[in-house]
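1. Using only what follows, build the 3D model:
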Amino acid sequence: MQRVMIVGQPGSGKSTLARRLGQLTGIPVVHIDTIHWQPGWVERSAAEKTRLCLEVEARDQWIFEGGHSTTWAHRIGRADLLVWIDRSTALRFWRVLVRAVRHRGRTRPDLPEDCPEQLGKLGELFRFMWTTRKVSRKKMQQLAATAPPGCRVVRLRSNRQTRRFLATIEAGAAYSLNRF
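-> Predicted coordinates for the structure are as follows:
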């Protein structure tokens, strides 16, 4: 395992899983939010995000969590493991709320400096989560279904599956769920 692609909708647990995998494997972790945002919640241009994603994807090792689906085809072509975290909408909304309250006024570890959590921005994020929930899930399902033969696919739908997956990584065992 050298290149791990982690996808999932907001609040699914991508950043947490990526950090834990990075700790277990020593593989460098890249959070898409550090590419998407600049300090002060300034969004990068689409072209700049693509350029930065392609730079990361060209490296020998990475755990890359998050979106920017424009580069997914390239990323999955280089990945040897795709982890799709597929969690319920209600759980994801709850997690985003808890995360925002917990980090209120502070920058989370998966964001650039000077991007503090702002409760006032939750409505905007919740609207995005609600309006994109079906389309985003379908995109991830399609990504998993079309992963190249050299890329294992793991779909995590529960905390128990996630714990089992991490335990096998920690133990150095090969882990796989059924491919789609």
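
2. Thr131: neighbouring residues, count only.
-> The number of residues packed near Thr131 is 10, by other C-beta atoms under 10 Å. For every residue, glycine as well, the C-beta is placed using N, CA and C.

3. shift numbering so it begins at 53
-> Okay, using 53 as the starting number, the last item reads as Thr183.

4. That one and Pro168, how far apart?
-> Per C-beta to C-beta, to the nearest Å, Thr183 is found 25 Å from Pro168.

5. Lys191 now?
-> Here Lys191 is placed at a distance of 30 Å from Pro168 (C-beta to C-beta).

6. where along the protein do the strands fall?
-> Under the criterion DSSP state E, the chain carries strands at the ranges 55-60, 81-83, 89-90, 94-95, 114-117, 133-137, 204-208.

7. And the last one, what does it pack against?
-> Right, strand 204-208. strand 133-137, helix 211-223 (3 or more C-beta pairs under 8 Å, 6 or more residues apart in numbering; DSSP states H and E).

8. what residues does stretch 156-168 touch?
-> 67, 70-71, 83, 85-86, 89-93, 117, 151, 155, 169-171 (C-beta atoms under 8 Å, 6 or more residues apart in numbering).

9. which residues touch the residue sitting furthest away from the middle of the chain?
-> Centroid-distance maximum for the chain: Gly172 at 23.6 Å, with C-alpha atoms, centre = their mean. By C-beta under 8 Å, 6+ apart, the contact list for Gly172 is empty.

10. Dump the biggest helix by length in the chain to CSV, restricted to CA.
-> Ranked by residue count and defined by DSSP state H, the top helix of the chain is helix 174-197. Output of helix 174-197 as CSV, limited to C-alpha atoms (Å, rounded to 0.1, in the frame of the first residue of the first chain):
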residue,chain,number,x,y,z
LEU,A,174,-23.0,25.8,8.9
GLY,A,175,-26.2,26.7,7.0
GLU,A,176,-24.3,27.1,3.8
LEU,A,177,-22.5,23.8,4.3
PHE,A,178,-25.7,22.0,5.3
ARG,A,179,-27.4,23.2,2.1
PHE,A,180,-24.5,22.0,0.1
MET,A,181,-24.6,18.6,1.8
TRP,A,182,-28.3,18.3,1.3
THR,A,183,-28.4,19.3,-2.4
THR,A,184,-25.4,17.2,-3.4
ARG,A,185,-26.0,14.1,-1.3
LYS,A,186,-27.5,11.9,-4.1
VAL,A,187,-25.3,13.1,-7.0
SER,A,188,-22.1,12.9,-4.9
ARG,A,189,-22.9,9.4,-3.7
LYS,A,190,-23.7,8.3,-7.2
LYS,A,191,-20.3,9.7,-8.4
MET,A,192,-18.5,7.8,-5.6
GLN,A,193,-20.4,4.6,-6.4
GLN,A,194,-19.4,4.9,-10.1
LEU,A,195,-15.7,5.6,-9.1
ALA,A,196,-15.7,2.4,-7.0
ALA,A,197,-17.3,0.4,-9.7
